[in-house]
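Colleague: Build me a model:
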Amino acid sequence: MTDPITAARERALAVAADAVRAHERELVALSHSLHAEPETALCEHKSAAKITSLAEASGFEVTRGVAGLPTAFVAVHGTGELVVALCAEYDALPGIGHACGHNVNGAASAGAALGLAAVAGLLGITVKLIGTPAEEDIGGKALLLEAGVFDDVAAAFMAHAAPEDSVGASSLAVGAWDVVYRGKPAHAALAPWQGVNALDAITLAHTAVGLLRQQLPPGALVHDVVFEAGHAVNVIPETARARYELRARTSEELAHVRRRVRACLEAAALATGAELELTSHGADFADLRQDEFLTAAYTRAIRALGREPVDRRGEVTASTDMGNVSHVLPALHPAIGYDTGGAHHHTAPFARYGNSPGADRAVIDAAIALAHAGVELATDAEQRRRCLDLLAGRRAATAPLG
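Modeller: The predicted structure follows:
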């Protein structure tokens, strides 16, 4: 005979899955629409509107422009003490559209929110669909976290589009600088000695960082791109602009890499006489820490849908601002796979598969599996209490003294 808790869980799992499938046409249409009209960081006005329109039509209470970010939103359903967040991504990459599959990510999170909303009253939960813009740039989740949008959240979920199904992977911490060298212009033939060459400074910086790479910790990476380094060949370049992106296995290692790279940039200024301006570009992304219980629950759910995810625990992928969330509260960030013809993220070929039948199935499967992970959390008394206790501890740590 099935005990009441198990029976309630099985019922909730079935209701949540049915709710996702009932919205399958809308969710696939949402994914296709996001894919057809890609919008880059903080310009995702249409994309955010498409998701919030679906949420409002499904009974969610929507707040737009949260945390001062014009394309961020929060959509809430239910009043239970356990607040479960679904993080929806929807920004694209400049020039190559949804080459990271955020149309799939966003639609899957929306679908999971709809599935959990159908059982919110039964489970005593609040479903919070959070629109998180600019993941490919300044890190919307990190900014929303800092602004308090996750302050009431006990656990946060999302799935990421990929060429394969996987669970448990970590990610690299990442930070970026906007770099400007300011020199002094001069005629390149008549009086070059009167100038200070910003192009020389950016060249020395690039070379110094290249030589530094051998001494960086394993897994540390530095990428740079030059946006400007002069405009006329017969004028000593006055200004050079670049962006440097630094990655490392942990936030602590990232701080070490940052110090070493900064020394290279400062040395280039010293050697040429140029002035250096360093400005942080967006928020630093922390390394991703996946919650073991949530990962196990998702794995069971996705296997029940006929998928066999690769266990990537102990491995490191690229970078995500979901890492920042995972340092504060239990988080889930599996990869949902579909055929991409061998193409990897951040390439035009990957983007072309984003509205394929495989991607469409990924939207629905990920939505159901994420919703089922939420059901398991809500119906497991020990894990539910763990997350609520962690939330209470966070609140106590930030409460004003008095």
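
Colleague: Show the backbone phi and psi for residue 126.
Modeller: phi -110, psi 130 (degrees, to the nearest 10).

Colleague: since we're on it, how many residues are nearby?
Modeller: 21 (other CB atoms under 10 Å). C-beta: built from backbone N, CA, C; applies to glycine.

Colleague: surely it meets residue 85?
Modeller: No - contact between residue 126 and residue 85 fails when scored by CB atoms under 8 Å: they sit 9.3 Å apart.

Colleague: Got the domain ranges for the chain?
Modeller: Domains of the chain are assigned by automatic domain parsing as 4-171+287-398, 173-280.

Colleague: Now do the shortest one: distance from first to last residue.
Modeller: As for domain 173-280, its first-to-last residue distance stands at 15 Å under the measure CA to CA, to the nearest Å.

Colleague: gap between it and the chain center?
Modeller: 27 Å (CA atoms, centre = their mean, to the nearest Å).

Colleague: What segments of the stretch 301-402 of the chain are helices?
Modeller: Secondary structure of the stretch 301-402 of the chain (DSSP state H, counting those that start in this stretch): helices at 322-326, 348-352, 357-379, 381-398.

Colleague: One more: the stretch 51-200 of the chain?
Modeller: Residue ranges of the helices in the stretch 51-200 of the chain, as given by DSSP H, counting those that start in this stretch, are 102-117, 120-123, 140-146, 198-212.

Colleague: who's in contact with the third one?
Modeller: The list of residues contacting helix 140-146 from outside it, by CB atoms under 8 Å, 6 or more residues apart in numbering, reads 41, 66-67, 69, 72, 87, 91, 130, 132-135, 150, 282-285, 321-322, 324-325, 328.

Colleague: mind redoing it with 6 Å?
Modeller: With contacts defined as CB atoms under 6 Å, 6 or more residues apart in numbering, helix 140-146 is touched by 67, 132-134, 283, 321-322, 324-325.

Colleague: got it, and the longest one?
Modeller: Judged by CB under 6 Å, 6+ apart, the contacts made with helix 102-117 from elsewhere in the structure are 16, 19-20, 23, 27, 30-31, 34-35, 51, 58, 77, 86, 88-91, 127, 129, 158-161, 354, 359, 362-363, 366-367, 370-371, 374.

Colleague: same check, this time on the last one
Modeller: Residues from elsewhere that reach helix 198-212 (CB under 6 Å, 6+ apart): 181, 183, 222, 226, 229-230, 237-240, 242, 260-261, 264-265, 267-269, 271-272, 274.

Colleague: ok so, going back, tell me which of the domains of the chain sits most buried.
Modeller: Per-stretch averages of neighbours, counted by mean count of other CB atoms under 10 Å, single out domain 4-171+287-398 among the domains of the chain, with a mean of 21.

Colleague: List the contacts of residue 133.
Modeller: Residues in contact with residue 133 (CB under 6 Å, 6+ apart) are 42, 44, 69, 71-72, 91, 140.

Colleague: and of the residues you listed, the nearest to residue 332?
Modeller: For the contacts of residue 133, the minimum distance to residue 332 (CB to CB) is 18.0 Å, reached by residue 140.

Colleague: Looking at the contacts of helix 102-117, which are in strands?
Modeller: Within the contacts of helix 102-117, residues falling in strands by DSSP state E are 77, 86, 88, 127, 129, 160-161.

Colleague: ok, back up a step: redo the helices of the stretch 301-402 of the chain as TSV? Include distance to residue 169 and mean pLDDT.
Modeller: Converted to TSV, the helices of the stretch 301-402 of the chain look like this (distance: least, CB to CB, whole Å; pLDDT from 0 to 100):
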stretch	distance to residue 169	mean pLDDT
helix 322-326	11	98
helix 348-352	18	98
helix 357-379	15	98
helix 381-398	21	97
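
Colleague: Make a markdown table out of the ones you listed and add distance to residue 166.
Modeller: Rendered in a markdown table, the data for the helices of the stretch 301-402 of the chain read as follows (distance: least, CB to CB, whole Å):
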| stretch | distance to residue 166 |
| --- | --- |
| helix 322-326 | 15 |
| helix 348-352 | 16 |
| helix 357-379 | 12 |
| helix 381-398 | 22 |
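
Colleague: For residue 305, find the nearest of those helices.
Modeller: Across the helices of the stretch 301-402 of the chain, closest to residue 305 is helix 357-379 (CB to CB), at 4.9 Å.

Colleague: what packs against that closest one?
Modeller: Using 3 or more CB pairs under 6 Å, 6 or more residues apart in numbering; DSSP states H and E, the elements in contact with helix 357-379 are helix 4-22, helix 24-36, helix 102-117, helix 292-304.

Colleague: which residues are in contact with that helix?
Modeller: 9, 12-13, 16-17, 20, 24, 27-28, 31, 82, 84, 104, 107-108, 111-112, 115-116, 123, 125, 157, 159, 294, 297-298, 301-302, 305, 336, 338-339, 383.

Colleague: likewise stretch 28-46?
Modeller: Counting by CB under 6 Å, 6+ apart, 47, 50, 71, 90-92, 94, 97-98, 103-104, 106-107, 133-134, 137, 354-355, 360, 363 sit against stretch 28-46.

Colleague: now it, how far from the centre of its chain.
Modeller: 16 Å.

Colleague: if we can go back for a sec, for residue 4, find the nearest of the helices of the stretch 51-200 of the chain.
Modeller: Evaluated over the helices of the stretch 51-200 of the chain, closeness to residue 4 peaks at helix 120-123, with 12.6 Å, by CB to CB.

Colleague: Could the C-alpha coordinates of the closest one be exported in PDB?
Modeller: The C-alpha atoms that make up helix 120-123 are tabulated as PDB, following Å, rounded to 0.1, in the frame of the first residue of the first chain:
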ATOM      1  CA  ALA A 120       1.800  25.100  -6.000                       C
ATOM      2  CA  GLY A 121      -1.300  24.900  -3.700                       C
ATOM      3  CA  LEU A 122      -0.900  21.200  -3.300                       C
ATOM      4  CA  LEU A 123       2.800  21.400  -2.300                       C
END
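
Colleague: Residue 191 versus the closest residue to residue 51 other than its chain neighbours, what's the distance?
Modeller: In space, and not counting its chain neighbours, residue 51 is closest to residue 110: 5.4 Å by CB to CB, 6 or more residues apart in numbering. Computed as CB to CB, to the nearest Å, the residue 110 to residue 191 distance reads 62 Å.
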